[in-house]
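1. what's the 3D shape of this:
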Amino acid sequence: NGLAGNKIWYIDEDNEGNMWFACFGAGVSKFDGEKFISYAKEDGLVDNSVRIVKYCSQTKCIAIGTNRSISVLKDSVFFNFNTKNNDLEKNVIITGILEKDSVVYFYDFANNHYYIQFDKGKPNIHRVEDNLTDNIGVSSLFEDENGRIYFGWNRKGIAEYFDTTLNKIDGIGQVFGIAKDYSQNIWAASWNGGGISPPGGLFKINEDSIFRLSQAYNINSVLGWAMKFDEEQKNLYYGTLDEGLYIIPPQYFEYYPSDYFGENDLFLNGIKIDNENNSWFYSDSSFFKFNGESFVKKDIEYLFNLRIQAEKDKVSDINLNTRIKRLKNAFHKRRTYIIDIELDNNNNAWLTCSNFGSFKIPGRIIKNSYYFAPYIYADIAFTNSDTLFQCDSWASALKKFDDYENSNKLVQYTDTTNPIFSKFIRSHKNEVWASSRISGFFLYKDGEFINLTKRDSTINKNVKDICFDEDGFAYVGGSDGRIELFDTIRRTKIYEIILPGLKNSIIWMNISNDLLFAGYSDGLRVFNIAEIKKKIINYRYFSTTEGYDVKIVNASAVDTIGNIWLATNNGLVKINTKLFSSCKLSPLTTVIKEVEIFNKKVNWREYTNIDNWSGLPIDDLLLSPEENHLSIYFHTLNFINPESDQYYYKLDGIDKDWVGPTDKKNVVYPFLNYGKYKFLVKSKNKVSGLHSNVAEFSFEILTPWYKQTWFYTVALISLILLVFVAYKIRINWLKRAEEEKRKIMQQISELEIKALQAQMNPHFLFNSINSIQNYMLDNELDKALGYLSSFSKVIRMTLEFVDKKFVRLSDVLTYLQHYVDLEKMRFDDMFEYEVKLSKNIDPNSILIPPMLLQPLIENSIKHGIQPLKVKGKIILEIEKINENSIKCIIEDNGIGRKKSLAQNEKRKLKKESKGIKITQERLDLLNENNTGDYSIKIIDLYDNGEPLGTRVEVTMVSVLN
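-> I've put the predicted structure just below:
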């Protein structure tokens, strides 16, 4: 991809943010975040075997050291120095470059050290004349902030050079990487390739003390090559040639593994620390006294010899050999092991051992140790009043010795229903606490023995450890992960810490520097004591990732300066508790990694100026309205526990509040509206509690063309024109509709006249007048007058109906009755006429169109009843369909339409009924005029196939009067 070569031996950064790479065998490469520029011998470089490249800020040049020569790049010009030009006495292997006071120093592994000074921009090279460094083959170089220079010295170790003094530290091997941490410790990466510079590995130098920590960090490699300290996150980076990169977090934890004490496996069971800061710890078979730098170790044989000597020192030597033989048999044939070490209030150490009893170490001077007594043999504890208490895993009672130095008299405290069978006992001032293997938690206080779990059933019955703060509050940790807080007087439980979702057991607990350190089966949690008492539960979490690599802890103790020491299955671990408050970590850095549009990568250079390293815009970013689906990716620069980072984000203009916490490292915003936006993201580490900066990404989505001012103007004008055109079209349509309506009304009027004419046809008038004359000639004056009366009413009502659209149903029925009366008189009562009204019909309150039913009744008489040889019957039935409609049914028992048609054909009478036709046309026009729903239905009635009459159903609108 443009890099000169793949063997990268050194990396540095110049003042413009360009990265420089020493590519051994291929030259030098510069990377500006976008592209590589490489320099090789053909470009003016002295040779390609580049080991180191260094930017010198004072002289503004790039200093380059190779396997044979020296080169300086200044103002795009190479200045080369080698033996060919007689600039160098012999070939060099440059491994370190340093700039001081505008002078650039080149240090050689072969003891030839040079420096370059610039005179009017031109470099001049000189040999370093320094008797102190002339004999040092430099393999690496590091300068601290105080001007101290540390050299990797030959294949032996490190040399510290300061103020004309040189301090050599050997026994490390060939050092290729050096760094200094926040505690001013020097760290070295030592290389032992092929066994030529032992021992190799990871080292820490504190003043003149050397610690090889490879085993402590489970590092097997002896090919250490690089060392770097990160000032912001306080991490050390240790690079090897065969096992990759190790990240070492702040030294909260220091490891003293088994091999530190000369052991292959050192499984420690307990630890105590005296007032002179000596640590007393023990395994089954040995015990140690450790002052932090040196230690004294005694095996269990030492205790056996003390026990034998005690028998020999007795006044009586009766059966001495038998007693000694019995002791030897017990020691060799029965398991003998150290049970406990405790410190009394008189500067003495006490040790108990199975099969033997107790041993006293007066003044805590081991050489003065002697066997004490057989009756003190188990877990022991001393109170402030120097009373000794004893219990063990098979003892049902707690034993109290008031005068243990002079007497074996004791007092036993027990719970008759719950034997103690203790896992451990602890003393605090004049209290003694005992945790049972099976039956709960006990307390001896002021002469009273209390079963705490019987007094309060909520107290954990499987207590793992207990500790006390400066105020005397007791903190009890259990197997279910709860931490219970007990008051100082009555020792009642007042509060408990329950971490939601956490079921890991407490392993150990202790308090130092106002912090509660709680070791769980899954790691270490550190709580603030003041916050706990306020019932505020926050904690920092440490596991293997954060440097807490402890599997089994059997005991803990606090030394005189506040450090906590752990007795583990692999030696000791020291917790530097002051670091938890004094080591101030810098805020984390959150960065926006990438932004995609519609899930596709974007070349932002096509949009605006970009940052070469991130590839993201640095100027205003304008996006088209269609580019409104954004995916934003982000992360925090955390090299210890990135899985513990939790993110909070928001998009100004969309999100009112921060969204989070979440462990997602991306967010998608689909189909954003136009406008200006600013995306913000930050993080918080749930382990360290550290917050990060707020990373930002601003952009603007342009307004769509159809929402811009010019478009609104054009749209408004178009809308006005459209409304005007629509208005004109509407007016024209209304005019045409009115014209059509006028024509329909005209047709209706004409049809009404036709209907009137149909009613008043000449045959009807002639027949009526003829009937009156017949009555007169027959001297039937009453009938003539009655007929004339009905005839006049029919004529009068017919004329009244002409100019009305709706008339009362009662008037229609009256009109029909008069008409039927005339017809009955004319045909000598040859039919009956009956009217049926539904109960829910009031004929006076309903209006219907006039002149619709009369033609139908006329048709029924003429074509159905008149040809009938028996007396006919016409029924008019009116029923209500709904609030706005009625149905009129005219049913007769005449000969039916089929037979009537046959008779007409036989008589060659093809005259059409104009009344029915006109009525149908009138109904059609009423429907077209939107005055309601009108219909007519004619049904032929049959009985076993024989015509039985005709039924006509007329559905029409009824209007409330």
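2. can you tell me the helix or strand for Leu202?
-> strand 201-206 (DSSP states H and E).
3. and that strand, what other elements does it pack with?
-> strand 186-191, strand 209-212 (3 or more Cβ pairs under 8 Å, 6 or more residues apart in numbering; DSSP states H and E). Quick note: C-beta positions are derived from backbone N, CA and C, even for glycine.
4. Mind pulling the model confidence for the residue nearest to the spatial centre of the chain?
-> Residue closest to the mean C-alpha point of the chain, counted by Cα atoms, centre = their mean, is Thr662 at 2.7 Å. For Thr662, the model assigns a pLDDT of 94.
5. backbone phi and psi for the residue nearest to it when sequence neighbours are not counted, please?
-> Leaving aside its chain neighbours, Thr662 sits nearest to Tyr647 (5.5 Å; criterion: Cβ to Cβ, 6 or more residues apart in numbering). For Tyr647, the backbone dihedrals (degrees, to the nearest 10) come out as phi -110, psi 150.
6. Buried deepest among the helices and strands packed on strand 201-206, which one?
-> strand 186-191 (a mean of 28; mean count of other Cβ atoms under 10 Å).
7. Relative to Phe142, how far out is Ser102?
-> Remark: distance between Ser102 and Phe142 (Cβ to Cβ, to the nearest Å) = 20 Å.
8. who has more neighbours, the two?
-> Between Ser102 and Phe142, counted using other Cβ atoms under 10 Å, the more crowded position is Phe142 (22 against 11).
9. tell me the secondary structure for the more buried one?
-> strand (DSSP: H, G, I helix; E, B strand; the rest coil).
10. Numbering from 9 from now on, please.
-> All right, first residue 9 from here; so that's Phe150.
11. tell me the mean pLDDT over the helix or strand harbouring Leu688?
-> Per DSSP H and E: Leu688 is located in strand 683-693. Strand 683-693 shows an average pLDDT of 93 in the prediction.
12. which of the residues in the next helix or strand after it are buried?
-> Using DSSP H and E, the helix or strand that follows strand 683-693 in sequence is strand 703-709. With burial defined by 16 or more other Cβ atoms under 10 Å, the residues of strand 703-709 counted as buried are Ala703, Phe705, Phe707, Ile709.
13. Could you do stretch 838-849 as well?
-> Met838, Phe839, Tyr841.
14. Surely the first one touches Val878?
-> Spelled out, it's Met838. No. Assessed by Cβ atoms under 8 Å, Met838 is found out of contact with Val878, at 9.1 Å.
15. hmm, back to that, which helices and strands does the strand holding Leu688 pack with?
-> If contacts are counted by 3+ Cβ pairs under 8 Å, 6+ apart, strand 683-693 sits against strand 598-605, strand 638-644, strand 653-660, strand 703-709.
16. Kindly export that strand (C-alpha atoms) in CSV.
-> Below are the C-alpha coordinates for strand 683-693, written out as CSV (Å, rounded to 0.1, in the frame of the first residue of the first chain):
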residue,chain,number,x,y,z
GLY,A,683,-32.1,21.0,8.4
LYS,A,684,-28.9,21.4,10.4
TYR,A,685,-27.8,18.5,12.7
LYS,A,686,-25.1,17.9,15.2
PHE,A,687,-24.4,14.3,16.4
LEU,A,688,-22.8,14.0,19.9
VAL,A,689,-21.4,10.9,21.5
LYS,A,690,-19.5,10.2,24.7
SER,A,691,-18.8,7.2,26.9
LYS,A,692,-18.3,6.1,30.5
ASN,A,693,-16.3,3.1,31.6
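17. hmm, back to that, can you lay out the buried residues of strand 703-709 as JSON lines showing pLDDT and distance to Val230?
-> Output for the buried residues of strand 703-709, formatted as JSON lines (pLDDT from 0 to 100; distance: Cβ to Cβ, whole Å):
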{"residue": "Ala703", "pLDDT": "94", "distance to Val230": "41"}
{"residue": "Phe705", "pLDDT": "94", "distance to Val230": "47"}
{"residue": "Phe707", "pLDDT": "94", "distance to Val230": "53"}
{"residue": "Ile709", "pLDDT": "92", "distance to Val230": "59"}
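18. wait, which of these is closest to Phe687?
-> For the buried residues of strand 703-709, the residue nearest Phe687 by Cβ to Cβ is Phe705; the value is 4.4 Å.
19. The closest one and Tyr641 touch, don't they?
-> No. Assessed by Cβ under 8 Å, Phe705 is found out of contact with Tyr641, at 10.5 Å.
20. Now do the shared contacts for the two.
-> Ile600, Val603 (Cβ atoms under 8 Å, 6 or more residues apart in numbering).
21. now the end-to-end length of stretch 867-886.
-> End-to-end span of stretch 867-886 (Cα to Cα, to the nearest Å): 18 Å.
22. what does the average pLDDT come to for it?
-> Here the average pLDDT along stretch 867-886 is 89.
23. ok, and what's touching that stretch?
-> 817, 821, 824, 828, 831, 835, 838-846, 849, 861, 865, 894-905, 907-908, 911, 921, 923-924, 957-958, 960.
24. Looking at those, which are in strands?
-> Judged by DSSP state E, strands contain the following of the contacts of stretch 867-886: 839-845, 894-900, 957-958, 960.
25. returning to what we had before: next, the angle strand 598-605 makes with the strand holding Leu688.
-> Using axes from the mean of the first three to the mean of the last three Cα atoms, to 10 degrees, the direction of strand 683-693 lies 140 degrees away from that of strand 598-605.
26. Could you check the angle strand 683-693 makes with strand 653-660?
-> For strand 683-693 against strand 653-660, the angle by the same axes, to 10 degrees is 160 degrees.
27. what angle do strand 683-693 and strand 638-644 make?
-> 30 degrees.
28. List the buried residues in strand 683-693.
-> Those would be Tyr685, Phe687, Leu688, Val689, Lys690, Ser691, Lys692, Asn693, for strand 683-693 by 16+ other Cβ under 10 Å.
29. in the sheet, who's paired with the first one?
-> This means Tyr685. In this entry, Tyr685 is beta-bridged to Phe707, by DSSP bridges.
30. quick one, what contacts it?
-> So Tyr685 contacts Leu659, Asp660, Gly661, Ile662, Ser706, Phe707, Glu708, Ile709 (Cβ under 8 Å, 6+ apart).
31. neighbours of Val58, just the number please.
-> Every residue meeting other Cβ under 10 Å relative to Val58 is counted, giving 32.
32. No further queries at this time; thank you.
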